[in-house]
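1. Let me see the structure of the following:
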Amino acid sequence: MILILVAEAREGVDLQGSMRPETAKLSGVNWEREFALIIDMGEQRTGGYAVQVTGVNLGGGDEINVDLNITKPGPGSFVAQVVTHPYAVARIPRVGLRPGTITVTARNQAGAEVARHTVTL
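-> So this is what the prediction gives:
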């Protein structure tokens, strides 16, 4: 799981992949009031993978906590044999975040940490 915080206006961000290039679309972000956070599951060899943002919480001005619903195919599941690149985009309000070092933490539906990223704004 890769977290990418985008602070400057862009139409999209190219996600890394060897088989199927993917561009995370950033339409709808109000760049004067928001950041974009991309949650990238990376390239997957089959269908059945998905990530969805279920909540965002700004903690104390120097951290962003993101709740995710992550789906993966179970053992023996019938899935499409196709390369996929699941990702989600969350809009993060600029208000309440202090300039400086920000820690972004993503947790799955069970509350387990799945990714952490530190950036300087």
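2. okay, the residue lying closest to residue 95 once chain neighbours are set aside: pLDDT?
-> Distances taken as C-beta to C-beta, 6 or more residues apart in numbering place residue 33 nearest to residue 95, at 7.3 Å, with adjacent residues excluded. C-beta coordinates here come from the backbone N, C-alpha and C atoms, glycine included. Predicted confidence (pLDDT) at residue 33: the value is 95.
3. And the residue nearest the centre of the chain, how far from residue 54?
-> The centroid of the chain falls nearest to residue 39 when counting by C-alpha atoms, centre = their mean (1.3 Å). Per C-beta to C-beta, to the nearest Å, residue 39 is found 11 Å from residue 54.
4. got it, and residue 102?
-> Distance from residue 102 to residue 54, by C-beta to C-beta: 20 Å.
5. Check the secondary structure at the residue of the chain most remote from its centre for me.
-> For the chain, the residue at maximal distance from the C-alpha centroid (C-alpha atoms, centre = their mean) is residue 76, at 27.5 Å. Look at residue 76: counting by DSSP: H, G, I helix; E, B strand; the rest coil, its state is coil.
6. Look up the closest residue to residue 67, ignoring the ones flanking it.
-> Of all residues not flanking residue 67 in the chain, residue 55 sits nearest, at 3.8 Å (C-beta to C-beta, 6+ apart).
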